[in-house]
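> build me a model from this:
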Amino acid sequence: MNYKRILIGGLVAGLLINVLDFLVMLAATGGLYEKFQSKGLFLREPRLPFIPLWILGMFAIGILLAWFYAVARPRLGSGPGTALLVSLALALLIHVPYNFSQACWGITGRLLPLVHMSAGIAEIVIAGYFAAWIYKEKE
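Numbering: from 1, shown residues only. Next up, the predicted model:
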């Protein structure tokens, strides 16, 4: 495995996830958060330093996407098909269970978990594709 390319591809993937997530959340959910905060359903200030931890977490996910692609290549072959398959599998594992539970038990309704899940899956699949595109085996 080429750990340097895993890191580079993972950092690019993490950057993509962060940018796409910011754009989607700004466009699709910004008003919802304000509405939920005014009703007391969401805190106005996070308990932890959310933004820096979130950004770092998305970079970690990007690096893991690149690593999982590198691990899958010998078994599934290289290329976009493997990248999309691995990324989709990881996206579903990350986003479906949590957002399903929020849709069932959360007090904010079903729209917010649906947006988070749909956007999150798309972001990870796109980012995983780019991480795989950057990855090359050592010569």
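> check what pLDDT the residue most central in space within the chain gets.
Nearest to the geometric centre of the chain sits Ile124, at 4.4 Å (Cα atoms, centre = their mean). We have a pLDDT of 97 for Ile124.
> correct me, but it touches Phe68?
No - Ile124 lies out of contact with Phe68 (Cβ atoms under 8 Å); the separation is 10.8 Å. C-beta here means a position set from N, CA and C on the backbone, and glycine is covered the same way.
> which residues do those two both contact?
Leu90 (Cβ atoms under 8 Å, 6 or more residues apart in numbering).
> which parts of the helix or strand that contains Gly30 are buried?
Using DSSP states H and E, Gly30 sits in helix 30-38. Residues of helix 30-38 classed as buried by neighbour count (16 or more other Cβ atoms under 10 Å): 32, 36.
> with stretch 17-30 instead?
17-18, 20-21, 24, 29.
> outside of that stretch, which residues touch it?
Taking Cβ under 8 Å, 6+ apart as the rule, stretch 17-30 contacts 55, 58-59, 61-62, 112, 115-116, 119-120, 122-124, 126-127.
> nearest to Val86 among those residues?
Ile124 (10.1 Å; Cβ to Cβ).
> nearest residue to that closest one other than its sequence neighbours?
Ala91 (3.8 Å; Cβ to Cβ, 6 or more residues apart in numbering).
> what is the burial count for that neighbour?
Ala91: 22 surrounding residues under other Cβ atoms under 10 Å.
> for it, what are its contacts?
Contacts of Ala91 (Cβ under 8 Å, 6+ apart): 120-121, 123-125, 128.
> could you check the pLDDT of it?
Per the predicted model, pLDDT is 97 at Ala91.
> ok, the one 10 residues further on next?
For Ser101, the pLDDT comes out at 96.
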